[in-house]
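Asker: can't give you the sequence, but here's the structure:
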Ligand code: ATP
């Protein structure tokens, strides 16, 4: 099912009668989410991700704007009648019920024409339990399950009503690192198998990039960029987005353009077709190529072995980050001399981005 948001806005009124400081949690959000896609809604704490998700679910009413599921305007439809499945960070399972009873619960609450015969309810509960691979745990209580298993039960419970849209609010936050990795792949598999349009809120860029067909990056209630994860990584629209995506993060420098050359400190690092001005320069870790005749001169700190690749840690007076982290193949490091104190890099132009110093918007060269 396609989801369309038109100028969606949520303003929370001021709590303090003396001030008029209302919070614009979501500001004029317009977007079409294609049918059957897994979309990652990404941004730092407080940027409006959850509020967006709750407006789509109907749990929170928008201040203005419209929401369509397919061709149907659901803006004023109650949450129960929207056909959404919602999964929260804290699982929210009923502790006194077994896994089976937890999954059956949403079906038992159906009334009127939606009410199902008992055997059909059971059949559906077992089908979704099988899909999320907990069908052998049906008689256990939540406190007899691991965090990952509990989250699967929560997903099964959201799926059992065959929702039109699946909404996941930070579903992996309570899991340890290994389980997070496993469960995010599970979510991808389940989404692919069911083909349900899924919106997944996270503040973890790696999580969003790894499983989403499309990501939405938000900041202070405003959508910054929408696209395929790799496209946004390769072509960020502003410094915020460039900094938010990527591990290790992008390296940012104070720079300037003078006479058609981009300078970092005293080093002319690239030829650019931009008028003279002060800029920020962002360079992805894979954008540095160690080269004796390289244009960017840095002080070499140390080399961190990461397996196939290595990370060279260096410093430069113009760097905004405390250290520069470049990622190079281990062969490059073999060429470094023992006790070498400086290192020079050539830059890969398409891994180097220039941003306006004031607006932090991208300037293409
Ligand atoms: P997090 O990752 O921390 O959950 P988020 O991106 O999901 O953050 P929201 O929970 O959507 O952010 O909040 C967006 C903004 O709206 C924040 O500034 C928050 O303080 C504010 N906000 C959220 N709910 C309310 C409310 N009920 N009343 C007033 N302000 C609210």
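Answerer: Thanks, I have it. Computed from a predicted model, the values in this text were never measured in an experiment.
Asker: next one: the helix or strand of the chain with the lowest mean pLDDT to chain centre, how far?
Answerer: Of the helices and strands making up the chain, the lowest-confidence element is helix 330-334, at a mean of 78, by mean pLDDT, DSSP states H and E. Its chain's C-alpha centre lies 33 Å from the corresponding centre of helix 330-334 when counted by Cα atoms, centre = their mean, to the nearest Å.
Asker: what's the following helix or strand after that helix?
Answerer: With elements assigned by DSSP states H and E, the helix or strand that comes after helix 330-334 is strand 342-347.
Asker: distance between that next one and the chain's centre?
Answerer: Centre to centre, stretch against its chain (Cα atoms, centre = their mean), the figure for strand 342-347 is 32 Å.
Asker: swap in stretch 273-292?
Answerer: 26 Å.
Asker: what's the average pLDDT for it?
Answerer: Per-residue pLDDT values over stretch 273-292 give a mean of 96.
Asker: Begin at 40, not 1, for the rest of this chat.
Answerer: Yes, from this point I'll number from 40; that puts the last item at stretch 312-331.
Asker: What residues of it count as buried?
Answerer: Under the neighbour-count criterion of 16 or more other Cβ atoms under 10 Å, stretch 312-331 has 318-324, 326-329 buried. In this view, the C-beta of every residue, glycine as well, is placed from N, C-alpha and C.
Asker: Greatest separation within those: which pair is it?
Answerer: The largest separation in the buried residues of stretch 312-331, counting by Cβ to Cβ, is between 318 and 329 at 24.3 Å.
Asker: tell me the helices in the stretch 90-239 of the chain, going along the chain?
Answerer: Here the stretch 90-239 of the chain has its helices, by DSSP state H, counting those that start in this stretch, at 138-147, 157-170, 186-198, 216-233.
Asker: Could you provide those helices in JSON lines, with additional columns for mean neighbour count, distance to the ligand and mean pLDDT?
Answerer: Written out in JSON lines, the entries for the helices of the stretch 90-239 of the chain read as follows (neighbours: other Cβ atoms under 10 Å; distance: least, Cβ to the nearest ligand atom, whole Å; pLDDT from 0 to 100):
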{"stretch": "helix 138-147", "mean neighbour count": "20", "distance to the ligand": "24", "mean pLDDT": "94"}
{"stretch": "helix 157-170", "mean neighbour count": "16", "distance to the ligand": "27", "mean pLDDT": "91"}
{"stretch": "helix 186-198", "mean neighbour count": "24", "distance to the ligand": "17", "mean pLDDT": "90"}
{"stretch": "helix 216-233", "mean neighbour count": "16", "distance to the ligand": "16", "mean pLDDT": "87"}
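Asker: ok, what's across the strand from residue 384?
Answerer: Here residue 384 sits in beta bridges with residue 329, residue 335, as judged by DSSP bridges.
Asker: contacts for the least confident helix or strand of the chain?
Answerer: With contact meaning Cβ atoms under 8 Å, 6 or more residues apart in numbering, helix 369-373 is reached by 328-329, 342, 344, 347-349, 351.
Asker: likewise stretch 170-181?
Answerer: Counting by Cβ under 8 Å, 6+ apart, the neighbours of stretch 170-181 from elsewhere in the structure are 130, 132-139, 141-142, 164-165, 168, 184, 188-189, 191-192, 194-195, 198, 225, 229, 232-233.
Asker: mind checking how far it is from the chain centre?
Answerer: Averaged over its C-alpha atoms, stretch 170-181 has a centre that lies 29 Å from its chain's centre (Cα atoms, centre = their mean).
Asker: just stretch 240-255 next, same as before
Answerer: Averaging C-alpha coordinates over stretch 240-255 and over its chain gives two centres that are 3 Å apart (Cα atoms, centre = their mean).
Asker: Contacts (any at all) between the ligand and it?
Answerer: Yes. Under the criterion of Cβ under 6 Å from any ligand atom, stretch 240-255 makes contact with the ligand via residue 242.
Asker: Buried ones in that stretch, by neighbour count?
Answerer: Across stretch 240-255, burial judged by 16+ other Cβ under 10 Å covers 240-242, 244, 246-248, 250-255.
Asker: Then stretch 91-102?
Answerer: Neighbour-count burial for stretch 91-102, counted by 16+ other Cβ under 10 Å, picks out 91-99, 101-102.
Asker: check contacts around residue 47.
Answerer: Residues counted as contacts of residue 47 (Cβ under 8 Å, 6+ apart) are 65, 67-69, 91, 94, 101, 103-106.
Asker: for residue 259, what are its contacts?
Answerer: For residue 259, the contacting residues are 66, 85-87, by Cβ under 8 Å, 6+ apart.
Asker: meant to ask about residue 205, not that
Answerer: For residue 205, the contact set (Cβ under 8 Å, 6+ apart) comprises 123-124, 126, 197-198, 230, 233, 235-238.
Asker: Just give me the closest of these to residue 210.
Answerer: Using Cβ to Cβ, the shortest approach to residue 210 within these belongs to residue 126, at 5.2 Å.
Asker: Any chance of CSV for the contacts of residue 47, columns pLDDT?
Answerer: As requested, these are exported to CSV (pLDDT from 0 to 100):
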residue, pLDDT
65, 97
67, 96
68, 96
69, 96
91, 96
94, 97
101, 96
103, 97
104, 97
105, 97
106, 98
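Asker: And the residues you listed, which of them are buried?
Answerer: By the neighbour-count criterion of 16+ other Cβ under 10 Å, those include these buried positions: 65, 68, 91, 94, 101, 104, 106.
Asker: Kindly state the beta-bridge partners for the first one.
Answerer: Beta-bridge pairing of residue 65, defined through DSSP bridges, involves residue 49.
Asker: Pretty sure it sits against residue 88.
Answerer: No. Contact status for residue 65 versus residue 88: not in contact, 9.1 Å apart, counting by Cβ atoms under 8 Å.
Asker: Can you tell me which residues in this structure are near the ligand?
Answerer: Of all the residues in the chain, those in contact range of the ligand (Cβ under 6 Å from any ligand atom) are 51, 62, 64, 82, 84-90, 242.
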